[in-house]
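Novice: Only the shape, not the letters, is given here:
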């Protein structure tokens, strides 16, 4: 939780109450009021932030709110594998509990290359650790296909002996926004985390916009 003094909290509560009353009594359309009230909710979520699990719950809640405003729409969330995974109380876990099979996950894996992150050298590109023997990326690279999609849902339901190893714990890359990690790989049951995998042999870093200052 963001650290604030009692007097500061009282002042924040007073301002939030004032904003809510002002929105309610305004001449805005109902949809405009709904978005303004949700903006206040996001501010309150930030003030109550105490760990990454709370952050992921808030991400899920905010997505579900957007979905409620657009009941006939199909929505796509683009986020780090760790956020969209369907386990460990991450955003995807909360969405799976609420949406069931209507929530479909695509995880991304790569063998080598670079990625953009905020690490020891600041916000820039970092060299990724090349996948080593025993990791999922190392094994997928043996297929000699630079880009492909793996249907984990079908593998799970087919229950074939040749793909049984994919249902066990195996190391796969978990690097994200924070670069320079000592260990980019973590042992998990990837078939529980995602419905599909997109494998890209070599990752290239995103291109940053120049600093306008």
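Specialist: That came through fine. The model shown is predicted, which means the values in this text are computed figures rather than measured ones. Numbers count the residues shown, from 1 in each chain.

Novice: now the helices for the chain?
Specialist: Remark: helices assigned in the chain by DSSP state H are 6-25, 30-47, 52-69, 81-84, 91-99, 136-141, 152-158, 190-193.

Novice: between the third one and helix 30-47, how many degrees?
Specialist: Meaning helix 52-69. Angle, helix 52-69 to helix 30-47, by axes from the mean of the first three to the mean of the last three CA atoms, to 10 degrees: 180 degrees.

Novice: dump the residue contacts of residue 201.
Specialist: Taking CB atoms under 8 Å, 6 or more residues apart in numbering, we find residue 201 in contact with 110-112, 141, 145-147. C-beta coordinates here come from the backbone N, C-alpha and C atoms, glycine included.

Novice: quick one: residue 166 and residue 190 touch, right?
Specialist: Yes. Between residue 166 and residue 190 there is a contact at 7.1 Å, judged by CB atoms under 8 Å.

Novice: what about those two, which has more around it?
Specialist: Neighbours per residue, other CB atoms under 10 Å: of residue 166 and residue 190, the larger number sits with residue 190, 22 against 18.

Novice: And the average pLDDT for stretch 165-176 is what?
Specialist: The pLDDT scores in stretch 165-176 average 92.

Novice: tell me the contacts of the most centrally placed residue in the chain?
Specialist: Residue closest to the average C-alpha location in the chain (CA atoms, centre = their mean): residue 83, at 2.5 Å. Residues near residue 83 by CB under 8 Å, 6+ apart: 56, 59, 90-92.

Novice: who wins for most neighbours among those?
Specialist: residue 92 (27 neighbours).
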